[in-house]
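Asks: no sequence for this one, just the structure:
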């Protein structure tokens, strides 16, 4: 049996789930699926809770990995052009650029982006922003059922991305994801998604003209934004709101463009057997199916699981300082050799050690091409790293003192990895993993014994089913 991916598409009008397996012969197999209509506009956490309960009753998700979508209703899309191509620099500058475009304080949002065009001088990108509190509530609702999606992506993007992955000859197409009261447009040009926009709709007969005008107005915005004439060769429809059999015909007649309903199971040649209690209807199941396909095919998706919400292990701080200490020891060893042994027989060996230091330095700082003084350059790099990681622990307490306190009070027999340390003058935030919940509690108890910390609080602890670890976040008051 191959890798199993559970795709869960969360919307306010319905929730769908597909458990997909890629068999050894490279064939897809839909092991099971579920569709849960939502009768009225509920709170998102309630929608997730009710739906997950139903999904767990219908689908055996054991040993599967989950990818989930976040409802487009709660997402803000923007197009930006930045004079950078490096993703780290883009991440740093994004908050300042978006601050002018989003009326709510930008620090309350988490933003992910994808680059659709770049050159040596600039990058064009689409940003997607969601309120941090909403994402936290969303993940908490999943965690209540021991489900931890390793990707959370805006709803509908996986459908467009999976379709592009398969269709290598597409030029200009428009994908319209239609819900009961919401519509999301994906503008595709030369096999790249170049704009995403959502707006409210009401598909009553008397409002179909307004729906057409909203689409036409958005196309005009796209043309002006990219300074091009956009004439899609085809329009593809998908989404839970495609219940009007004549909607495709109405759109086709209004725009005079070939209009089709997407069917990803047909496009990917996936055979699906209807269940006794639910029929497989493509426009209802494509979003969940595309999430699973993206996971199996490693299709690049926008992912809100970053920073504090990241599931993949971040760079381990312990390893960074071990590497820094190792380099310092090697450099001290060189000085020791030069001081005590000043003869020609050792010059060659010292030269080799110098080369090793430079090689180690290059591995840690690959972006620095001109190496003059590794020690000084390393010190500058460390200072820059601390600044970028917000290591602001005030003047009274040194960062090294905090590290020593943590290292001294946690016994060696307790398995622990600290993935991130952040703080200010009066508190430190530890984010890490251990083997079980008891160890997490023991870590807290031992930290409370340290003279440096007035109070230790566990703010979150959860089981990571993928890594088989317990993730924890603690606040240490100084």
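Replies: Happy to help now that I have it. In this text the structure is predicted, and so the values were computed from the model without any measurement.

Asks: drop to CA atoms for contacts and neighbour counts, all remaining ones
Replies: Will do.

Asks: tell me the mean pLDDT for stretch 83-93?
Replies: With pLDDT averaged residue by residue, stretch 83-93 scores 84.

Asks: same deal with stretch 355-364?
Replies: On average, stretch 355-364 scores 70.

Asks: buried stuff in the one helix or strand residue 210 maps to?
Replies: Using DSSP states H and E, residue 210 sits in helix 208-226. Residues of helix 208-226 classed as buried: 208, 211, 214-215, 218-219, 222 (neighbour count, 16 or more other C-alpha atoms under 10 Å).

Asks: Make TSV out of these and add pLDDT and distance to residue 88.
Replies: Shown next, in TSV, are the buried residues of helix 208-226 (pLDDT from 0 to 100; distance: C-alpha to C-alpha, whole Å):
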residue	pLDDT	distance to residue 88
208	75	44
211	81	39
214	86	36
215	87	35
218	90	31
219	89	31
222	89	27
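
Asks: JSON lines for these, including distance to residue 229?
Replies: Formatted as JSON lines, those follow (distance: C-alpha to C-alpha, whole Å):
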{"residue": "208", "distance to residue 229": "25"}
{"residue": "211", "distance to residue 229": "21"}
{"residue": "214", "distance to residue 229": "18"}
{"residue": "215", "distance to residue 229": "15"}
{"residue": "218", "distance to residue 229": "13"}
{"residue": "219", "distance to residue 229": "10"}
{"residue": "222", "distance to residue 229": "9"}
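
Asks: what's across from residue 186 in the sheet?
Replies: Per DSSP bridges, residues listed as beta-bridge partners of residue 186: residue 175, residue 196.

Asks: count of neighbours near it?
Replies: Residue 186: 23 surrounding residues under other C-alpha atoms under 10 Å.

Asks: One more: the one 10 residues further on?
Replies: Close neighbours of residue 196, defined as other C-alpha under 10 Å, add up to 22.

Asks: Quick check: the gap between the residue nearest to residue 449 when sequence neighbours are not counted and residue 448.
Replies: Nearest non-adjacent residue to residue 449, counting by C-alpha to C-alpha, 6 or more residues apart in numbering: residue 409, 7.3 Å away. Distance from residue 409 to residue 448, counting by C-alpha to C-alpha, to the nearest Å: 9 Å.

Asks: same deal with residue 29?
Replies: Counting by C-alpha to C-alpha - residue 29 and residue 448 are separated by 52 Å.

Asks: now residue 130
Replies: Distance from residue 130 to residue 448, by C-alpha to C-alpha: 36 Å.

Asks: of these two, who's got more company?
Replies: residue 130 (23 against 18).

Asks: helices or strands up against the helix or strand encompassing that one?
Replies: According to DSSP H and E, residue 130 maps onto strand 123-131. Contacts defined by 3 or more C-alpha pairs under 8 Å, 6 or more residues apart in numbering; DSSP states H and E place strand 123-131 against strand 76-82, strand 109-118, strand 192-200.
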